[in-house]
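**Student:** let's see this in three dimensions:
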Amino acid sequence: MVESPTKARTIGRYLGDEFQVMATVGHLRDLPKNKMAVDLTTFEPEYVISEEKKNVVDNLIKAASKAASVILATDPDREGEAIAFHTKFIISNSKISKNKSFSRIVFHEISKEAVEEALKNGREIDVNLVDAQQGRRVLDRVVGYSLSPILWKKVRRGLSAGRVQSVAVRMIVEREREIEKFRKEKYFKVYVDLEGNFTAELVREKGESFYVVDKLKLFDGEYSYSKTRFREKSEVDRFIRGLDGEFKVEKVTAKEISRTPPPAFTTSKLQQAAARRWGWSGKQTMSVAQKLYEKGLITYHRTDSVYLSNKAIDQFRKYIAKEHGENYLSAKVRVYKNNSKNAQEAHEAIRPVRVEVKQIDEDSKENRLYDLVWKRAVATQSAAARMMKTAIDLSNKEAIFRAEGVRMLFEGFLKISGEKHEDQILPELKEGELIKKKELRWEELETSPPPRYTDASLVSSLEKQGIGRPSTYAPIISTIQARQYVEKEEGKFKPTALGIAANDFLVENFGSILSLPFTAEMEENLDRIALGKLGWKKMMKDFYGGFKGELENADKNGKRVRVETEKLGEKCPECKEGNLVIRVGRFGRFISCDRFPECRYTRQFKEAAGFKCPKCGAEGVIRKTKTGRRFYGCSNYPKCKWAGWKKP
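**Tutor:** Below is the predicted model of the structure:
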């Protein structure tokens with residue numbers, strides 16, 4: 001028994017007639033959606049089989065009743081272990097398939113060899129992994145179903161909150177406030193173009209290096225500096241007028257550097273790479289990766305490990321030596337440190353199952369992601385790239401300009417990964433040599449606020465803070481968009497008025513459980529449960545003691561938060577008294593009268609996009625999917641149904 005029909009078909013091809021491979025199609029037994037279904041005294045969950053799964057369950061029970069034994073081959077993680085546990089529970093408690101023999105097998109790639117090897121090594125269900133999944137499920141259910149009624153009462157009806165999702169919203173809201181507080185400052189950079197076709201930048205004047213006075217602290221602890229000294233154009237003009245026409249080479253520094261390949265992809269790094277390259281959401285990346293895994297093309301795609309099996313390493317090294325030559329092979333087997341915190345879930349990194357399969361289908365999303373995985377994994381066993389890094393300091397009066405460049409000596413793994421390394425090529429110069437300037441120029445810039453989060457940077461920050469795990473990054477981001485707490489503008493997350501209001505109330509009244517350290521600590525507790533070092537009910541008891549008090553205090557003393565509305569500057573056409581405002585509802589933004597509920601005028605919100613519909617010529621607008629993804633459409637919809645992801 002596996003989770004998906006595609007996986008069932010793939011494995012079915014490897015096994016003979018004595019096996020029947022069936023799919024559970026996800027969870028068979030789960031918490032109901034219409035109530036909390038958790039006893040707040042014992043924390044015992046109340047599981048049910050949903051209506052849409054009853055036919056699946058009946059078919060599985062019938063098949064199991066005729067089988068000599070049942071092999072549970074669900075995914076090799078906590079979620080898969082829980083599905084195996086509940087599947088066994090259902091079959092064992094049915095009238096027609098009692099007393100069956102069960103075996104749990106795991107494999108990290110869907111190949112004939114891996115499946116056959118797994119069948120030789122069946123085991124019991126790992127109760128610790130099941131408890132870790134159950135602990136997370138119960139914790140999130142208790143938090144979500146406890147917070148939501150208070151949000152209804154104090155912010156707006158229909159709102160819901162999640163433990164980790166609310167932390168992600170908090171990060172986005174706090175970043176937005178940093179951006180709002182940021183005061184831009186104008187500054188200038190000065191460059192000189194020199195004979196020999198290279199450029200140098202001013203880095204020092206009158207014996208003193210200079211940077212922008214106040215360094216900008218980013219949210220995740222990083223710092224950004226800007227090289228400059230000049231705040232006014234008049235200062236730049238004065239400085240340039242004082243320079244001579246020739247520059248003297250003061251110092252030449254040349255150093256050979258090497259660059260080793262990064263490890264094969266983990267889940268978060270794959271999501272970040274796909275987001276940066278193609279603007280994919282985490283959900284989109286994981287959907288494509290799931291298909292590749294189920295077709296037996298890549299190893300399991302939910303992993304925080306960088307480990308590669310000896311079998312895979314041997315495949316990659318033989319391929320590199322054969323296709324590119326021994327000089328492109330690393331001298332020793334390159335092994336990366338495994339950062340996975342949970343030893344029992346120490347998967348491999350994401351890699352191709354068969355190195356000889358380089359391409360699967362031209363111009364498809366699956367092929368693009370597979371190509372990314374293939375190159376990154378195979379390149380791990382290639383030789384380092386070697387480059388000559390050169391810096392030339394040139395003086396003019398008391399000013400120092402610096403030119404930097406890198407020259408490729410040996411491309412090494414870059415030939416396999418396909419990365420391009422571009423930098424200016426510097427001429428060979430000697431100290432004391434004089435170089436004539438071709439042009440002195442300046443560039444006017446502004447200091448930049450911290451950037452809004454993208455899919456890639458949000459996943460990266462969540463991972464750095466220890467929040468979430470490989471299977472949770474994509475659902476976190478898609479959920480906060482679907483709930484209209486954040487929206488995307490040009491690929492970057494911005495909180496909505498609704499998201500800001502909900503966040504402010506939750507932070508004010510539940511600051512401890514929405515803090516980054518607390519959320520990271522809860523993830524560590526779940527890891528400890530998976531290792532058998534902590535009981536999940538003890539974790540819940542310790543957590544709920546303090547949480548219950550915060551709930552009671554917020555319900556009694558929490559101040560109601562008003563959701564700010566954006567005014568359109570138009571009078572309501574229906575009541576003639578109110579003003580039109582933009583509100584956020586279940587299906588996105590809409591326009592209504594600010595006298596609601598006295599006046600119930602509403603109309604669809606259409607965001608102008610600055611183009612004409614290529615089909616009918618009407619004004620183009622920006623719309624959103626149910627998950628919050630923005631796309632372009634025609635204001636004349638539904639008469640004209642033109643739509644596209646790119647502006648025409």
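**Student:** drop to CA atoms for contacts and neighbour counts, all remaining ones
**Tutor:** OK.
**Student:** isn't residue 436 up against residue 196?
**Tutor:** No. Using CA atoms under 8 Å, residue 436 is not in contact with residue 196, being 9.2 Å away.
**Student:** helix or strand for residue 70, which one?
**Tutor:** Using DSSP states H and E, residue 70 maps to strand 69-72.
**Student:** sorry, that was for residue 109
**Tutor:** Assigned by DSSP H and E, residue 109 falls within no helix or strand.
**Student:** residue contacts, it?
**Tutor:** Each residue near residue 109 by CA atoms under 8 Å, 6 or more residues apart in numbering is listed here: 293, 296, 298, 299, 300, 353.
**Student:** switch to 6 Å and redo it
**Tutor:** 299, 300 (CA atoms under 6 Å, 6 or more residues apart in numbering).
**Student:** next one: phi and psi at it?
**Tutor:** Main-chain torsions, residue 109, degrees, to the nearest 10: phi -140, psi 150.
**Student:** moving C-terminal from the longest helix anywhere in the chain, which element do we reach first?
**Tutor:** Longest helix in the chain by number of residues (criterion: DSSP state H): helix 127-154. Per DSSP H and E, helix 127-154 leads on to helix 163-181 as the next helix or strand towards the C-terminus.
**Student:** kindly calculate the angle that that following helix makes with helix 127-154.
**Tutor:** Interaxial angle, helix 163-181 versus helix 127-154 (axes from the mean of the first three to the mean of the last three CA atoms, to 10 degrees): 50 degrees.
**Student:** hang on, the earlier thing: off-centre distance for the strand holding residue 70?
**Tutor:** 35 Å (CA atoms, centre = their mean, to the nearest Å).
**Student:** tell me which residues in that strand are buried?
**Tutor:** Buried residues in strand 69-72, counted by 16 or more other CA atoms under 10 Å: 70, 71, 72.
**Student:** what's the nearest residue to the first one if we skip its chain neighbours?
**Tutor:** Distances taken as CA to CA, 6 or more residues apart in numbering put residue 102 closest to residue 70, at 4.9 Å, once the chain neighbours are dropped.
**Student:** wait, the one you found touches residue 68, no?
**Tutor:** No. Using CA atoms under 6 Å as the test, residue 102 is too far from residue 68 to be in contact (9.6 Å).
**Student:** which one's more surrounded, the two?
**Tutor:** Higher neighbour count among residue 102 and residue 68: residue 102, with 18 against 10, using other CA atoms under 10 Å.
**Student:** my guess is residue 204 meets residue 400, correct?
**Tutor:** Yes. Taking contacts as CA under 6 Å, residue 204 lies within contact range of residue 400: 5.0 Å.
**Student:** doesn't residue 204 fall inside a strand?
**Tutor:** Yes. Remark: residue 204 belongs to a strand, assigned using DSSP: H, G, I helix; E, B strand; the rest coil.
**Student:** look up how far residue 396 lies from it.
**Tutor:** 11 Å (CA to CA, to the nearest Å).
**Student:** and what of residue 513?
**Tutor:** Distance from residue 513 to residue 396, by CA to CA: 58 Å.
**Student:** so for those two, which sits in the more crowded spot?
**Tutor:** Set side by side, residue 513 and residue 396 give different neighbour counts by other CA under 10 Å, the larger being at residue 513 (22 against 17).
**Student:** any stretches of the stretch 251-400 of the chain with poor pLDDT?
**Tutor:** For the stretch 251-400 of the chain, applying pLDDT under 70 flags the ranges 339-346.
**Student:** can you give me the strands in it?
**Tutor:** 385-396, 399-410 (DSSP state E, counting those that start in this stretch).
**Student:** I'd like the ones you listed as TSV, with distance to residue 55 appended.
**Tutor:** Below are the strands of the stretch 251-400 of the chain laid out as TSV (distance: least, CA to CA, whole Å):
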stretch	distance to residue 55
strand 385-396	57
strand 399-410	60
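**Student:** which among these is found nearest to residue 333?
**Tutor:** Checking the strands of the stretch 251-400 of the chain against residue 333 by CA to CA gives strand 385-396 as the closest, at 16.0 Å.
**Student:** and that closest one with strand 399-410, angle?
**Tutor:** 160 degrees.
**Student:** what pairs with strand 385-396, parallel or antiparallel?
**Tutor:** Here strand 385-396 is paired, per DSSP bridges, with strand 246-259 (antiparallel), strand 399-410 (antiparallel).
**Student:** who are the packing partners of the helix or strand hosting residue 83?
**Tutor:** Assigned by DSSP H and E, residue 83 belongs to helix 78-92. Helices and strands touching helix 78-92, by 3 or more CA pairs under 6 Å, 6 or more residues apart in numbering; DSSP states H and E, are helix 127-154.
**Student:** now do the buried residues in the helix it packs on.
**Tutor:** 127-136, 138-151, 154.
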